[in-house]
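# Got a predicted model here, sequence first, then my questions.
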Amino acid sequence: QVQLVESGGGLVQAGGSLRLSCAASGRTFSRRTMGWFRQAPGKGREFVAAVNWNSGTTNYADPVKGRFTVSRDNAKNTVYLQMNVLHPEDTALYFCYEDLVTGSRNWGQGTQVTVSS
């Protein structure tokens, strides 16, 4: 069973930075994409960023473009989210995910990011 374990969340002041990590256990041969969603209190889960596991091509939601950077380390089976110039509206529970070539999706347990104004 694949496990995705996030780390790096915390409390930061507006304008600050955080780096999230998500380590995946298990096979990689069927992995297509890894990335991040987030869910703020009282809101639905929204896409943040993703990286194609083979090509490294990245994709971002408009609200985070220019501030967040998603990257992966294939050897470590890890995806990262570098978050700069954080805003209070970035406060959310951040979830790591992986999409497989089969079409299925696995989720991590989430890591809390809180940005104070």
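Nice, thanks for sending it over.
# tell me the contacts of residue 10?
18, 112, 113, 114 (CB atoms under 8 Å, 6 or more residues apart in numbering). Backbone N, C-alpha and C define where each C-beta goes, glycine included.
# The third one and residue 93, how far apart?
Right, residue 113. To residue 93, residue 113 is 8 Å away according to CB to CB, to the nearest Å.
# who touches both of those two?
In contact with both residue 113 and residue 93: residue 38, using CB under 8 Å, 6+ apart.
# Counting neighbours, go ahead and name the busier of these two.
Using other CB atoms under 10 Å as the criterion, residue 113 and residue 93 rank with residue 113 on top: 22 against 18.
# contacting residues around the more buried one?
Residue 113 touches 9-10, 12, 18, 20, 38, 83, 86, 90-94, counting by CB under 8 Å, 6+ apart.
# Pull up the pairing partners for the helix or strand hosting it, direction included.
According to DSSP states H and E, residue 113 maps onto strand 111-116. Paired neighbours of strand 111-116 in the sheet (DSSP bridges): strand 10-13 (parallel), strand 92-100 (antiparallel).
# Understood, closing this out.
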